[in-house]
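>>> have a look at this prediction, sequence included:
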Amino acid sequence: MKNLICVIACLLLAYSGFTQKIAGPLVLADGIADGYTLFAPLNSKSTFLIDNCGRVVNKWVSNYYPGNTAYLLPNGNLLRTKRLPTTAINGGGGGGGVEIFDWGSNLIWSYELNTDLLRLHHDVKPLPNGNILMIVWEAKTREEALAAGRNPDLLPASGIVWSEQIIEVKPIPPNNSEIVWQWSLWDHLVQDFDQDKPGYGVVSDHPELVDINYVSSVNSDWIHANAIDYNEELDQIVISSPFLNEFWIIDHSTTTAEAATHAGGDANRGGDLLYRWGNPLVYKRGLSEDQKIFGQHDVHWVKGGEYNGQIILFNNNKGSNYSSIDIVNPPLNESKTYTIDEAAYLPVLPSFSYTASPKENMYSQIMAGAEILPNGNLLICSSRQGVFFEVTPVGDTVWFYKSPVTTSGIIGRDVFTTDPEYKNDLNFRTIKYPVDYPAFSGRTIIPQEPIEGEPWACEAITNVKETSQRIKIYPNPTLASFIVDAGSDNTDLTIEVTDILGRGLGKISGKGMVEFDLSSYPSGLYFLYDGKDRHKILKQ
């Protein structure tokens, strides 16, 4: 065990009066899904694919920062958004371009849409036919907004309102393309402000349309769509609006002409909303307590497993200081439409919800994401915290990775500094690809050094076993204190806590249950010894 502690000490930073910085995989336990995790830090021009040990499997380098997502395509190419200089449309998540690189990081296709009237932003979605769905801000003038029935009191000072489009682009390498399908929100509005303007009606009678006068705040970026996904079986698209605190499903089987109307397509609804969920206040069928999602990100269909066909999302501001992962089961009909009751679209509650324990251990006010992995685990990217972690269906954390990419550059495991905290770089989301994903077929995968460029941590972290069945330790990871629970009031407990160099932080004794406060110690990995076994404690 002494040698093991020495190995870990070489990899991780110890507490010695300095700010502790630890990067890379801090927890790696039995039950983790086998695969490779893709992420694109927003302040880096590199996109990384890492294994469970944090070792780099592949890296792609662009001339641009991401804006914001990246996907590994089945043929091994990287589809990546790029952030171009800002235009008159200048909002959070703005990108303006898309790139495709081959496995060797050679640019093979590039596309841009970045004008004062139209700008790509946030997310894209590769389709099975090789085309790409893209979200586009569409600027509308003051005159256009008023003509559509916008209340002038709800116009920003500039008078400009940004609506949303979805375009389907067919790549024609190296720099050509064709828009083969298009949908515009502006064709699917309702308003009850001015009876002489288009779309006038009772908003609650038209949940298939979006109220042009429902705003969360008076600014140009009215909808702020931040995620898009595609369901091949249904030929439907889901799109997320965190500013309206809801997501929508629309029909992709329409022609572009039908998508501008209220008829046509498999559901015969044209481009109208087939389903919406999260905040029935938006279509005047609910109260404030009926709102279920708050500033959500990474809305997409679950593919396979217990929740196949349901919608998963990162519910950013579920509480004042915590986030949740929610899964929603839309009431799908045989006609590819969705049931709505007298009040609002069902269900009333998610079919699944995950929060950390304690809840504030997972909180990202912006960005972030989550996905269900083939083995049933949850992979979570908590952007503000700069961490990715994997949780089993019973809530055990089997992987916890602290990104070494910060706004100040890449940090290592043993960075000693008296400077202010390195700020976590934001990652819009992460995606984990299983080892049998087609992109890896026929390729020799040779993991290289971790991003932080230091010795591999796999063996050191994996070899610290938590074998005792007589006690429970929670919460782990923790923000401050942790509890050791023997499950019996008569059990004598003496717990010794050390840092990763084996230096004692103190002992606590008691009967049945004891608590140790780590709030005055820096983030990092610690150990406790209960007289029989040694255990890991991760302080965030």
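Thanks, I have it.
>>> all contacts plus neighbour counts: C-alpha atoms, from now on.
Noted.
>>> and the helices in the stretch 51-200 of the chain?
Assigned helices in the stretch 51-200 of the chain, in chain order: 142-147 (criterion: DSSP state H, counting those that start in this stretch).
>>> those helices in the protein, which residues are they?
Using DSSP state H, the helices of the chain run over 2-11, 142-147, 256-259, 458-462.
>>> now the third one: buried residues?
This points to helix 256-259. Buried residues in helix 256-259, defined by neighbour count with 16 or more other C-alpha atoms under 10 Å: 256, 258-259.
>>> with distance to Lys318 as extra columns, can I get those residues in JSON lines?
Shown next, in JSON lines, are the buried residues of helix 256-259 (distance: C-alpha to C-alpha, whole Å):
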{"residue": "Thr256", "distance to Lys318": "37"}
{"residue": "Glu258", "distance to Lys318": "37"}
{"residue": "Ala259", "distance to Lys318": "33"}
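>>> ok, so of those residues, who is nearest Leu146?
Nearest to Leu146 out of these is Ala259 (C-alpha to C-alpha; 23.1 Å).
>>> leaving out chain neighbours, which residue sits closest to the closest one?
Closest residue to Ala259 apart from its sequence neighbours, by C-alpha to C-alpha, 6 or more residues apart in numbering: Gly271 at 4.0 Å.
>>> number of nearby residues for Arg443?
Arg443 has 9 neighbouring residues, counting by other C-alpha atoms under 10 Å.
>>> and it, how close does it get to Arg80?
Separation of Arg443 from Arg80 (C-alpha to C-alpha, to the nearest Å): 21 Å.
>>> so what sits opposite Phe352 in the bridge?
Ile327 (DSSP bridges).
>>> what's it in contact with, if anything?
Counting by C-alpha atoms under 8 Å, 6 or more residues apart in numbering, Phe352 touches 326-328.
>>> let's see 10 Å
Applying C-alpha atoms under 10 Å, 6 or more residues apart in numbering, we find Phe352 in contact with 307, 312, 325-329.
>>> contacts only, for the nearest residue to Ala145 once chain neighbours are set aside.
Leaving aside its sequence neighbours, Ala145 sits nearest to Val161 (C-alpha to C-alpha, 6+ apart; 6.9 Å). For Val161, the contact set (C-alpha under 10 Å, 6+ apart) comprises 89, 137-142, 144-145, 150, 154-155, 218-223.
>>> ChimeraX command to pick out the buried ones of the residues you listed?
Selecting only the buried entries of the contacts of Val161 in ChimeraX, with 16+ other C-alpha under 10 Å as the criterion:
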select :89,137,138,139,140,142,145,150,154,155,219,220,221,222,223
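>>> state the number of residues packed around Pro41.
By the criterion of other C-alpha under 10 Å, Pro41 has 27 neighbours.
>>> same question but for Asn333, I mixed them up
Asn333: 9 neighbours (other C-alpha under 10 Å).
>>> could you count how many residues lie near the residue nearest to Asp251 when sequence neighbours are not counted?
Among residues not flanking Asp251 along the chain, Gln236 sits closest, at 4.7 Å (C-alpha to C-alpha, 6+ apart). Residues lying near Gln236 (other C-alpha under 10 Å) number 19.
>>> what's opposite the closest residue to Leu49 other than its chain neighbours in the beta bridge?
In space, and not counting its chain neighbours, Leu49 is closest to Leu38: 4.5 Å by C-alpha to C-alpha, 6+ apart. Assessed by DSSP bridges, Leu38 has beta-bridge partners Leu49, Ile431.
>>> which residue ends up closest to the midpoint of this protein in space?
Geometric centre of the chain, nearest residue: Gly369, 1.5 Å, by C-alpha atoms, centre = their mean.
>>> distance of that residue from Asn308?
18 Å.
>>> and for Phe389?
Look at Phe389 and Asn308: by C-alpha to C-alpha, they are 22 Å apart.
>>> which one of the two has more residues nearby?
Higher neighbour count among Phe389 and Asn308: Phe389, with 21 against 12, using other C-alpha under 10 Å.
>>> show me what contacts the closest residue to that one other than its chain neighbours?
The shortest distance from Phe389 to any non-neighbouring residue, by C-alpha to C-alpha, 6+ apart, is to Phe400 (4.3 Å). Shown in contact with Phe400 (C-alpha under 10 Å, 6+ apart): 24-29, 52, 379-380, 387-391, 477, 538.
>>> mind running it again at 6 Å?
Residues near Phe400 by C-alpha atoms under 6 Å, 6 or more residues apart in numbering: 25-27, 388-389.
>>> re earlier: can I assume the residue nearest to the centre of the chain is in contact with Arg429?
Yes - contact criterion C-alpha atoms under 6 Å: Gly369 and Arg429 qualify, at 5.0 Å.
>>> so what sits against both of these two?
Residues within reach of Gly369 and of Arg429 at once, by C-alpha under 6 Å, 6+ apart, are Cys381.
>>> hmm, back to that, by neighbours, which of the contacts of Phe352 wins?
Ile312 (26 neighbours).
>>> so it bridges to which residues?
Here Ile312 sits in beta bridges with His300, Ile327, as judged by DSSP bridges.
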